[in-house]
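Colleague: let me see the structure of the following:
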Amino acid sequence: MNETRPHRSGRTARPGPFLAILFAAALGAGVTALLVNIFERKQEARNPFYRVVALTDTTEDAATWGKNFPLQYDDYLRTVDQVRTRYGGSEAVPRTPSAADPRSIVAQSRLEQDPRLRTMWAGYAFAADFREERGHAYMLDDQTFTERQRVSPQPGACLHCHASTVVPYAKAGGGDPIRGFEAMNAMPYAEARRLVSHPVSCIDCHDPNTMQLRVTRPGFIEGMRSLKGDPTYDPNRDATRQEMRSFVCGQCHVEYHFRGKEKRLVYPWANGLRVEEIVAYYDSVGHADWRHAETEAPVLKAQHPEFEMWNQGIHARSGVACADCHMPYQRVGALKISDHHVRSPLLNVNHACQTCHKWPEAELVARVEQIQGRVFDMRGRAMDALIELITDLKVTRAAGDTGAPFRRAQGFQRHAQFYLDFVEAENSTGFHAPQEALRILGQSIDFSRQGQIALRLLPAHAAAR
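Modeller: Take a look at the predicted model:
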């Protein structure tokens, strides 16, 4: 009887059921881990912060806010960084031997970089000390210890933008921040400085209950009311959220002046934000910051008109806010937060620029530096023209030819100087509005040359020819 046997071959036997079960278990565990991770991230996103401490309108120390918002606070602390781009920022330089003294490390002197600035500002405190801009962490110390305080003590109005003022204004005004604002404006700087403790802090831009953006600077609110011609306008009520992402910066990055003996801080926007509209306002109220030491011209010092210049540029017209570039959104785990390490977009191109501009980082940086290089070159030409006008005015004044043509040339100096300074003092080297910056500098050159032409009518210059 023949017995049937299993067929043998060289094939490998199929995996047994045990391996299949093991694979299925591993796959199930992986899917479960993924679902758990997704769930955790969703839960994390639902709780963007945990209320560790209570925050009120008296909580001015950012470290306290940082207990609830550690990610934002960690970024805020990094504003001590000093990293240069080609046309801005500053490396620290030593000035005194004591490392514990906040005056021991200072920003680079712009007066040493370009001595022509001393001539432009002759007779004014800026001719004694003017330095590169630094991060928000230094805004209070740099104002407190500048040599300008020694040459010409400043008013308490300067603290409107160099300190956290929500609490000090409330205290100085007996609970009324507007009265406190007015009171501190008129104080000598040293007296008002004793009332403040911090540079710009969370409380200056955020409501402590809702965390919504808010404007806290009375000067900006009054400036916007004059700009819009509406005495009831309130950006905290009437502005969109995207507008607020620029307004909180525009509270301080603006042109301004101190009005009258009370040193009332005023944003000169009654006629508009363009440079000629601001000059027209100053001319209408007869304001001059000082008389030039070499020409006696009643001249103006521009401050830091980033808000005004940005408003003339393509980014503003496209709805791009200051925070979109200087505090861009970033992902931290499941959270989407604004980067509170406020700095030049050129130091954060990926988040600040490439979200909209799909070009390599090197190409974007090259474009920016090309724009800034052209503006910087034109700024140098405008500076040369102004210095030549000042020199001619100085010679004419020494000769005693101070009639109508001389006074007309002084007026040209006033305008040429302010137009040039409007670009010089604005911290983007023209990038916020390149065409506007070049237009302003071109007009500055024209004013200087018109002033020189006016002086040709005087005997002193006729004899020289």
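
Colleague: for residue 205, see how far away the closest residue in space to residue 323 that isn't next to it in sequence is.
Modeller: In this structure, residue 323 finds its nearest non-sequential neighbour in residue 245, 4.1 Å apart by C-beta to C-beta, 6 or more residues apart in numbering. Yep, even glycine has a C-beta here, placed from its N, CA and C like the rest. Residue 245 is 10 Å from residue 205, where distance means C-beta to C-beta, to the nearest Å.

Colleague: now for those two: what residues contact both?
Modeller: The contact sets of residue 245 and residue 205 overlap at residue 213 (C-beta atoms under 8 Å, 6 or more residues apart in numbering).

Colleague: which of those two has more neighbours?
Modeller: For residue 245 and residue 205, the more surrounded residue by other C-beta atoms under 10 Å is residue 205, and the numbers stand at 23 against 20.

Colleague: state the distance from the closest residue to the more buried one other than its chain neighbours to residue 338.
Modeller: Nearest residue to residue 205 in three dimensions, chain neighbours excluded: residue 248, at 4.4 Å (C-beta to C-beta, 6+ apart). Distance of residue 248 to residue 338, computed by C-beta to C-beta: 11 Å.

Colleague: more neighbours, those two?
Modeller: Neighbours per residue (other C-beta under 10 Å) separate residue 248 from residue 338, with residue 248 holding more: 24 against 18.

Colleague: same question for stretch 160-173: list its buried residues.
Modeller: Neighbour counts over stretch 160-173 (16 or more other C-beta atoms under 10 Å) mark 160-170, 172-173 as buried.

Colleague: for stretch 196-213, same thing?
Modeller: By 16+ other C-beta under 10 Å, the buried positions in stretch 196-213 come out as 196, 198-206, 208, 211, 213.

Colleague: and the two most separated of the residues you listed?
Modeller: 196 and 211 (23.2 Å; C-beta to C-beta).

Colleague: any weak-confidence spans in this protein?
Modeller: Filtered on pLDDT under 70, the chain yields the residue ranges 1-16, 35-49, 92-104, 460-465.

Colleague: so residue 134 sits against residue 140, correct?
Modeller: No: using C-beta atoms under 8 Å, residue 134 makes no contact with residue 140, being 11.2 Å away.

Colleague: residue ranges for the helices of the stretch 301-450 of the chain, please.
Modeller: Using DSSP state H, counting those that start in this stretch, the helices of the stretch 301-450 of the chain run over residues 306-310, 314-317, 322-326, 349-352, 361-398, 404-424, 434-455.

Colleague: nearest to residue 291, out of these?
Modeller: Closest approach to residue 291 among those is made by helix 404-424 (9.5 Å; C-beta to C-beta).

Colleague: how far off helix 434-455 does that closest one point, in degrees?
Modeller: Counting by axes from the mean of the first three to the mean of the last three C-alpha atoms, to 10 degrees, helix 404-424 lies at 160 degrees to helix 434-455.

Colleague: what's the angle from helix 404-424 to helix 361-398?
Modeller: On the basis of the same axes, to 10 degrees, helix 404-424 is oriented at 160 degrees to helix 361-398.

Colleague: who are the packing partners of helix 404-424?
Modeller: Here helix 404-424 touches helix 116-120, helix 275-285, strand 298-299, helix 361-398, helix 434-455, going by 3 or more C-beta pairs under 8 Å, 6 or more residues apart in numbering; DSSP states H and E.

Colleague: that one versus helix 275-285: what angle between them?
Modeller: Relative orientation of helix 404-424 versus helix 275-285 (the same axes, to 10 degrees): 130 degrees.

Colleague: how far off centre is helix 404-424?
Modeller: Helix 404-424 sits 26 Å away from the centroid of its parent chain (C-alpha atoms, centre = their mean, to the nearest Å).

Colleague: cool, stretch 359-369 as well?
Modeller: 22 Å.

Colleague: flag every buried residue along that stretch.
Modeller: 364, 365, 368, 369.

Colleague: run through the residues that contact the nearest residue to the second one once chain neighbours are set aside.
Modeller: Once flanking residues are discounted, residue 365 sits nearest to residue 346: 6.0 Å by C-beta to C-beta, 6+ apart. Residues in contact with residue 346 (C-beta under 8 Å, 6+ apart) are 85, 365, 368.
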